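Engineer: Got a sequence here, can you model it:
(2 chains)
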There are 2 protein chains.
Amino acid sequence: MKPNTHTVPSDIEIAQNAKKKPIRDIASQLGLNEEDLELYGKYKAKINLKLWDQLKTRTDGKLVLVTAISPTPAGEGKSTVTVGLGQALNRVGKQATVCLREPSLGPNMGIKGGAAGGGYSQVVPMEDINLHFTGDFHAITTAHNAIAALIDNHIHRDNELQIDPRRIVWKRVLDLNDRALRHIVVGLGGPAHGLPHEGGFDITVASELMAILCLAQDLEDLKERIGRIVVAYRYDQSPVTVADLGAQGAAALLLKDAIQPNLVQTLENTPAFVHGGPFANIAHGCNSLMATRFSLKLSEYTVTEAGFGADLGAEKFLDIKSRTGGLQPDVAVIVATVRALKMHGGVAKEDLKTPNLTALRQGLPNLERHLDTMKEFGLPAVVSINRFPTDTEEELNLIQAWCQERGVSCALTEIWEKGGAGGENLAREVIRLAEEGKADLHFIYDLDQPIRSKIAAIAQKVYGAAQVEYSPEAEKQIAQCEKNGWDQLPICMAKTQYSLSDDPSLLGRPEGFTLHVREIRPSVGAGFLVALTGNMLTMPGLPKKPAALGMDVDKEGRVYGLF
Amino acid sequence: MKPNTHTVPSDIEIAQNAKKKPIRDIASQLGLNEEDLELYGKYKAKINLKLWDQLKTRTDGKLVLVTAISPTPAGEGKSTVTVGLGQALNRVGKQATVCLREPSLGPNMGIKGGAAGGGYSQVVPMEDINLHFTGDFHAITTAHNAIAALIDNHIHRDNELQIDPRRIVWKRVLDLNDRALRHIVVGLGGPAHGLPHEGGFDITVASELMAILCLAQDLEDLKERIGRIVVAYRYDQSPVTVADLGAQGAAALLLKDAIQPNLVQTLENTPAFVHGGPFANIAHGCNSLMATRFSLKLSEYTVTEAGFGADLGAEKFLDIKSRTGGLQPDVAVIVATVRALKMHGGVAKEDLKTPNLTALRQGLPNLERHLDTMKEFGLPAVVSINRFPTDTEEELNLIQAWCQERGVSCALTEIWEKGGAGGENLAREVIRLAEEGKADLHFIYDLDQPIRSKIAAIAQKVYGAAQVEYSPEAEKQIAQCEKNGWDQLPICMAKTQYSLSDDPSLLGRPEGFTLHVREIRPSVGAGFLVALTGNMLTMPGLPKKPAALGMDVDKEGRVYGLF
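Structural biologist: So this is what the prediction gives:
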């Protein structure tokens, strides 16, 4: 998200003028040589997984998690702060690396925007990262749809597994926004063309394979997790897995390059791993575990981000990703803006330019709730106030005073406009907290608690809900999960990101509300149970004026309209 | 295709033991330096299109077209001969480069097989080439489906173009074999999810974008051709193009890397361009024009192949690709085998191991027909007898004597078993014919002939048909093509590859038959009219035991079951 200012060129102009170093030089900053890399052009590389054997006994560097208040349409700039903080840490003398998710092509073709940071805090080459990059998402699309084709082929042949075509839960995927593919009927045209049944396409980032790629410890673990995916149910309602079909080897083969972390750089030549990008609602919303692990072994400081606000992204980063991978974060950064806090205090988007201390004060409890959550997890936190040109001194002072009163660390950042130089205060505060070594991660729930008890822990300790209600369908699904032995898995909450509750209109810090769990969807391969509190759209549509219609490339290969 | 022999290891074993040179070294054999390349790992690279400006004034090297008799299930080994001839030319002192199509992933996951040559005449890295390679097909899949999503979005919004949803002719594509996607209904689920209509998926190689990528002269031409694609018809039945939607810029942007030719190498370190792979029935079945052009500028000899037999692949290579790109082939190689000629003489596949001179003699007229076709085009031809272990001396002698009687060049090759060393005789004969300089290419038809007259020319001069009949639908479509001004385009015949006629059971050299044209399908962007003589399957299905189920990758990343 970009502040409205005329003093800074557009993201793509800045990115195209970046003084990029050859990726070999960036790798050598990390102590890697060319044998450790698979080059993808001059400015992108994949890290050879074989390197892990040499690295695994090293001590991890410090891990900084960037999260945010509950997001608003005003934009908080979490990716921008993540990139800028990485740059700033290097400026103040720490060897830091950034870990981010890969952007999804579909939304780029829809609404103008992207996920490569902004202003002077971006990862580059920006065009590549926002288009095909190193082909990871295409590999996931292919592996996912290969499994779907094998399911339909199995049914079309003898259906030895007795798959109930009404109970196929493995849809197909494309990395595009295409609403017409949400609900389809396949297998029409007669007996030569398969068995007709209902189906549909999700966007690739919603594929369980994406979540698996981002949680796998290595290629072997990837394959085992793929084998555990439940793709359908038999006529007797018992689950059918990818391993039952025998397709885990082919799917893992198709992902053997995609699993290798991608190395790029920021505008200030800070190394950046940009790898994997699962949805932050029906999945856990973090870059790959492998990228984070490589970064921890190769850097003094690793700065990473988690999707949406701290109630969703950070909670899942800690309870799912950190638990799975044994990560030990040292500091959390909570990104907040005057604009977004004013929206949480009741101001409409069109009125955000008007100074409003009352609304700002009324919005601060949202920040407070996320700070409380970090305390629950045992993580020291610093608030990063991401400055926008329309912010007044009074508004900025109010937030800083509010933090000071509560003994909360706080740093004003101008990372979008100034790059790393605008984040040095934040960097120093992060270093101070990390070196204090007070982090003591404890999870919100234990894995052996019953499903309802795990959900209740998140709802109460993180969202501030009074109680949880379950639909009859969810009750039935919980019983099935218990019967199938899936009740020891962590919970992945799928909730609106705009509110701490499941009602997107309840901004600020709602209290005493009931969380409604409508559905439990097992992602057994990824290794979590998704608890859906609303209707999550897993295939976006295009807007009335899709960004794609403004995109172009000239005969020299120069890119237009991407951002 | 592989002869049955136990003396030679499997293709994947040979490929994995190849002594590959770094692709930089291969490029430097062509006089290219690293600035001219985009590296994709150590053994693959794309050629920077900007290089063309420096090369375009150079004189072209010699161009050798490898084609074949009408294919049979016995296998002719056309790709293997193409690769082996390239290797052999280098062995006898000519600097030669090979140009091939990229294999499609879908069929690799279905029936065991591939399109990277075989035995000791393969292109490598074989696993990469047969999996995601440099992502070209994924880019085409994405660009194709982005256009489809924009069409449905246009209709879902105001449908300003008045697109008739019953007359959308732009389907979607995936690079997989998936019969259940051939006939589908999209847009179900209610008003928020688009307008319901019939649709379907083709395999990516059947996309018109693939044909365009392979015929485009540069990025600008690519974009213009994409703009001309007809995607639907209005309620008044006038055509709607990609340019009407405004999507040609985005589609070209998504293809900006895919259009750059891929450079790899053969097992004997001969440079190989492997780029593009359109269907050989509803499209023209040749690697990209850009790859061929780069190769001609960079090599003394370029060896390339065209899909199926000379009636389809060579005819389209000459009448479509060479005409579009101004190519001047010097020699044609017609690949034949004892086994395939015996099948054309009436022997069943299971009896091929039995020597049978009578059947062989009866099959030779098929070869004769293709030799006649090369004469029609004005191209000197050499017959390459691709030797199999079950061939007897008497059988091989019979073909050679038959050729000698007719004054036809002929060379016995053992390219599969011996690599380039097994093709030196062929290489010397090719050089002799090329240096004689007798090639004088003239097309089978002129572009300004009426559509029916162009089709008749191919049917009579190439297939040996007595006459052509048109279905009422085809008659109507010819009238529409004339009305829309598309009648000046070349013809792309979609006919069974197994027979010179449109009846796959008529082997050998059928005569006096009628060719039945059922449908005319305009590919205005690619720049040809497809004349369909049968029901062409543009989305294959998986077999009962898909090859995918035998594929695997171990924790070291080693690949199994691909071949």
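
Engineer: Relative to chain B, which residue of the stretch 451-563 of chain A is the closest?
Structural biologist: Relative to chain B, the nearest point of the stretch 451-563 of chain A is A:Asp552 (3.4 Å; C-beta to the nearest C-beta). Every residue, glycine included, has its C-beta placed from N, CA and C.

Engineer: Test of understanding: give the bridge partners of that residue.
Structural biologist: Per DSSP bridges, the residues bridged to A:Asp552 are A:Tyr560.

Engineer: At the geometric centre of chain A, which residue do we find?
Structural biologist: By C-alpha atoms, centre = their mean, the mean C-alpha position of chain A lies nearest to A:Gly285, the distance being 2.7 Å.

Engineer: Mind pulling up the pLDDT for it?
Structural biologist: A:Gly285 is assigned 94 on the pLDDT scale.

Engineer: nearest residue to it other than its sequence neighbours?
Structural biologist: A:Gly307 (3.0 Å; C-beta to C-beta, 6 or more residues apart in numbering or on different chains).

Engineer: show me what contacts that neighbour?
Structural biologist: A:Gly307 sits next to A:101, A:279-280, A:285-286, A:313, A:316, A:497 when contact means C-beta atoms under 8 Å, 6 or more residues apart in numbering or on different chains.

Engineer: among those residues, which are in helices?
Structural biologist: Residues of these located in helices (DSSP state H): A:Lys316.

Engineer: For B:Thr134, state which of the contacts of A:Gly307 is nearest.
Structural biologist: A:Arg101 (23.5 Å; C-beta to C-beta).

Engineer: hang on, isn't the closest one packed against A:Cys286?
Structural biologist: Yes. Between A:Arg101 and A:Cys286 there is a contact under C-beta atoms under 8 Å: 7.0 Å.

Engineer: Now name the helix or strand holding A:Ala211.
Structural biologist: helix A:208-215 (DSSP states H and E).

Engineer: That helix near chain B at all?
Structural biologist: No. Using C-beta under 8 Å from any C-beta of the partner chain, helix A:208-215 never reaches chain B; the gap is at least 13.9 Å.

Engineer: quick check: angle from the helix or strand following that helix to helix A:208-215?
Structural biologist: As assigned by DSSP H and E, the chain's next helix or strand after helix A:208-215 is helix A:219-228. Orientation check (axes from the mean of the first three to the mean of the last three C-alpha atoms, to 10 degrees): helix A:219-228 against helix A:208-215 gives 150 degrees.

Engineer: if you look at helix A:219-228, does any of it touch chain B?
Structural biologist: Yes. Counting by C-beta under 8 Å from any C-beta, chain B has neighbours in helix A:219-228: A:219-220, A:223.

Engineer: Show me what that helix packs onto, helices and strands only.
Structural biologist: Contact partners of helix A:219-228 among helices and strands, from 3 or more C-beta pairs under 8 Å, 6 or more residues apart in numbering or on different chains; DSSP states H and E: helix A:208-215, helix A:242-245, helix A:248-254.

Engineer: With mean pLDDT and mean neighbour count as new columns, can those helices be given to me in a markdown table?
Structural biologist: Below are these laid out as a markdown table (pLDDT from 0 to 100; neighbours: other C-beta atoms under 10 Å in any protein chain shown):
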| stretch | mean pLDDT | mean neighbour count |
| --- | --- | --- |
| helix A:208-215 | 98 | 29 |
| helix A:242-245 | 98 | 22 |
| helix A:248-254 | 97 | 26 |
